[in-house]
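*Asks:* here is the input, now give the coordinates:
(3 chains)
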Amino acid sequence: MDVFDVLHLDELSHGLANLSMFPYFDMAHYIVSVMALREQPGALQVSRVSPLACWFSSMLFCFGGAVLSAIMLAEPVVAPLSNSTSVLLASIIWYLVFYCPMDLVYCTAALLPLRLVLSGMKEVTRTWKVLGGVTQAHGKYKDSLLVMIAIGWAKGAGGGLISNFEQLVRGVWKPETNELLKMSYPTKITLIGAVLFALQQTDYLPLQKHHLMLLYTVFTVVNKSRMMLTGSSTSPFAAIESAVYKTLFTGHSPYAALTGEEEKPCIDNRTAKTAASTADKNKESTENGGVRKRSPASPVSGQSESLNAKDESGNEETKSCKKTE
Amino acid sequence: MDVFDVLHLDELSHGLANLSMFPYFDMAHYIVSVMALREQPGALQVSRVSPLACWFSSMLFCFGGAVLSAIMLAEPVVAPLSNSTSVLLASIIWYLVFYCPMDLVYCTAALLPLRLVLSGMKEVTRTWKVLGGVTQAHGKYKDSLLVMIAIGWAKGAGGGLISNFEQLVRGVWKPETNELLKMSYPTKITLIGAVLFALQQTDYLPLQKHHLMLLYTVFTVVNKSRMMLTGSSTSPFAAIESAVYKTLFTGHSPYAALTGEEEKPCIDNRTAKTAASTADKNKESTENGGVRKRSPASPVSGQSESLNAKDESGNEETKSCKKTE
Amino acid sequence: MDVFDVLHLDELSHGLANLSMFPYFDMAHYIVSVMALREQPGALQVSRVSPLACWFSSMLFCFGGAVLSAIMLAEPVVAPLSNSTSVLLASIIWYLVFYCPMDLVYCTAALLPLRLVLSGMKEVTRTWKVLGGVTQAHGKYKDSLLVMIAIGWAKGAGGGLISNFEQLVRGVWKPETNELLKMSYPTKITLIGAVLFALQQTDYLPLQKHHLMLLYTVFTVVNKSRMMLTGSSTSPFAAIESAVYKTLFTGHSPYAALTGEEEKPCIDNRTAKTAASTADKNKESTENGGVRKRSPASPVSGQSESLNAKDESGNEETKSCKKTE
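*Replies:* Predicted structure coming up:
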């Protein structure tokens, strides 16, 4: 008799596992995704210049995970388009968010309480997507933990992982940054989820599937709500990440000096200078929008900036909406 | 007894539907495609520096539709290469257009009457390609109108849709523009064709296939010839597009002011300024070649410029050829 | 009784053909590949900023051929990941090369004698990969020589051919150069190998498979060793290439003047000037790292520079390692 029985959570987790994502949770996912697109710099302009590019971008935000995992598994990338109901629903939401008279839909959905609920519901769909990806990969590649993690991650965080190419649709190209170089919070939490579900699927994790679903869902929803309410952007894994990073990836290597250790660098100055000046050039040449400043320090410290920046832009938009009302 | 019988067009349309594209129409398509590549800025230089990159680029111009639809349907992208006869034909044409002694082939084909005939024949192949794509998608995804449109469009206008990546082969990268952001005339007419054939295939359009083929082919050929002869670049759909755009996509939204309406914007000035300065930067940083000036006005007005630019460059080339003769 | 029997090479070639690549040759391939990544400008910084991006880049260096040929044949791109043993081996080597305490592994492997042996072993794996690709394509597309060459080439030189996208993972974007525009020596030798093995497979080349394997392997290993020992970068095909180029690709065409011939150009000065100034702009705007200077001369002459540059950077690294010891 385990802790789930004691806390009478078994029924709850069964109920959650049988929850249907369609239509309410899917709708919340589409609304939050399209709003995230709208808040990208330049997206509103694109929506005026080319509604088609804007629609295509929105679909990549909504179905990016399905598209990416289809590419990885050599399945038709048009398959998500063949689900007419979902595409229709997402398209209606796209239209309302971008072109609704008086901007009513966006301004309403951007109100904090409603946005909180929608974001929470979107987090719930993440569990289903990650699990779907892991299960699909398990069916094709029985023993490969790595493939399961990759597909689960792709399905859950596809929109972020293909963001470089989604931006290209809108005429934006920021090669100096991507989700692998600097992971955002949603990408990170999805990766962790993919690892957990893959371990569960291969029986390395002694938990039942519906229990893990409950735990993971509660964690993501609570954490997302906390971050939205407090405006805090400290990742709950910052401490662990920092420890792992310091243990595994600093070594006694040429660049150790740059990460705050005392060893002498074993590369000569010429190389170091070249590297530094290259980095400077990169900074200078890429000042359009929210460009990542690549610093050779721990990946954790830098993240807070970008999250703050995101929050600010969100607040700005919300403010502008309130003005009109 | 319908209008086709009255006008004795039934036999004509049957004859057209049974027309074989190979080899004459395919050849015309390859010639016009390779000439279009040759007229891209920088393409001649590439043909001297790296014949292989030039050949690969030409193949993407000739078989871009097949490649793109293969990617979308998860079929091998090398499949077009396996049709040795077509590839050989296209390669010979590529060689003659780029490297023929005295530049005879290009200069001859660039003469207006011949070019007119070749362009007309190329337009005919479009009908076959769009129809092929729609039929192929119909076989795989019975009820999905959207997939049929997507595959038909990809097959007919593939070269344009993947132009960003085709340019990359030649060392050119213009992320600020693509066919979704600013559709060219061929892409637009192909999209319309894909919609019509998809509607016909699903019996929403009360027309027989060979009748629609005749109508669509005649329309594209006549329209292309008109545009080439008059040098006019006004799209025949400009009025409809403008009306649809104004009805659906202007709304009462933050950016309405920029599209010429009187409502007050509901975003504060800071955001607007940032957006504007970003746009300026984009303009400044991308002045190599025919770069699109992104204006938040109707997508129709801006198009004429780029078409004019294209015509000019075409005329220039023709002039240079005449000089030599 | 042919020359192989006379020289008693038949047994040797049989022995070579039955050689297993796993684990020693594969390991050499991974070590040399990961070291090549480490010597890319900016790679060490990326390894500190984002170990995950660095790992993914390394996997693309190690398994790029498998990934590219999977894309071309519409097979799952995650398939290489499902071979757990290979991925584990490559990951361990990646970790040791980038993060080993005292940088021991990299500095040891960078010693000339050891590097020579490892590079030689890596060249041996090339034969197997090219042959594997050609055989795989032969199984699917019986008669298509072109597909066989394409897949053999992709499998043997995949890492180079997808280098633009591999760089993108590390936040580097150099659209002005790619392996088609300016082929490196490994890409060139792999293409020749793919052509030879495809001709052998279709019985156009009157040689037995294991004899061709022996000849090709000996040639690549000897040539690679010669280039590393003498620091010479003259391609063994420079003369042939130059002759072919002059015969086929100079023609009597607008740009002939630029390639050193006496014919008058048939384009007017305006176009030529524009082209030249564009080239200048390209040069100016892309000075970060080993950027190719695009010259409209023969592709052969320019190559030596870039190879020299590569050698220099290699020597530099080796020097810096020796310093520490």
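*Asks:* which bits of the stretch 1-150 of chain A sit near chain C?
*Replies:* A:71-74, A:137, A:140-141, A:143-147, A:150 (C-beta under 8 Å from any C-beta of the partner chain). (Glycine included, C-beta is placed from N, CA and C.)
*Asks:* mind listing the helices for the stretch 1-150 of chain A?
*Replies:* Using DSSP state H, counting those that start in this stretch, the helices assigned to the stretch 1-150 of chain A run over residues A:3-6, A:10-17, A:24-38, A:43-49, A:51-72, A:79-82, A:84-99, A:104-109, A:112-140, A:145-161.
*Asks:* buried stuff in the first one?
*Replies:* Buried residues in helix A:3-6, defined by neighbour count with 16 or more other C-beta atoms under 10 Å in any protein chain shown: residue A:4.
*Asks:* the host helix or strand of residue A:190 to helix C:51-72, inter-axis angle?
*Replies:* Per DSSP states H and E, residue A:190 falls inside helix A:185-201. Counting by axes from the mean of the first three to the mean of the last three C-alpha atoms, to 10 degrees, helix A:185-201 lies at 70 degrees to helix C:51-72.
*Asks:* tell me how far helix A:185-201 lies from the chain's centre.
*Replies:* From the chain centre to the centre of helix A:185-201 is a distance of 12 Å (C-alpha atoms, centre = their mean, to the nearest Å).
*Asks:* who's in contact with the residue of chain A found nearest chain B?
*Replies:* Proximity of chain A to chain B (C-beta to the nearest C-beta) peaks at residue A:173, 3.3 Å away. Contacts for residue A:173 (C-beta atoms under 8 Å, 6 or more residues apart in numbering or on different chains) come out as A:164, A:167, B:173, B:175, B:176, C:173.
*Asks:* residues contacting residue A:23?
*Replies:* Contacts of residue A:23 by C-beta under 8 Å, 6+ apart are residue A:89.
*Asks:* phi, psi of it?
*Replies:* Main-chain dihedrals, residue A:23, degrees, to the nearest 10: phi -100, psi -20.
*Asks:* where does the stretch 51-200 of chain A get nearest to chain C, which residue?
*Replies:* For the stretch 51-200 of chain A, C-beta to the nearest C-beta, closest residue to chain C: residue A:175, 3.3 Å.
*Asks:* residue contacts, that residue?
*Replies:* A:164, C:168, C:171, C:172, C:173.
*Asks:* returning to that earlier point: from the residues of the stretch 1-150 of chain A next to chain C, pick the one nearest residue C:99.
*Replies:* residue A:146 (19.9 Å; C-beta to C-beta).
*Asks:* what is the burial count for the closest residue to that closest one other than its chain neighbours?
*Replies:* The shortest distance from residue A:146 to any non-neighbouring residue, by C-beta to C-beta, 6 or more residues apart in numbering or on different chains, is to residue C:81 (4.8 Å). A count of nearby residues for residue C:81, using other C-beta atoms under 10 Å in any protein chain shown, gives 25.
*Asks:* do the one 4 residues further on as well
*Replies:* Around residue C:85 sit 10 other residues, with neighbours defined as other C-beta under 10 Å.
*Asks:* quick one: pLDDT of it?
*Replies:* pLDDT recorded at residue C:85 is 93.
*Asks:* OK, contacts around it?
*Replies:* Contacts of residue C:85 by C-beta under 8 Å, 6+ apart are residue C:22.
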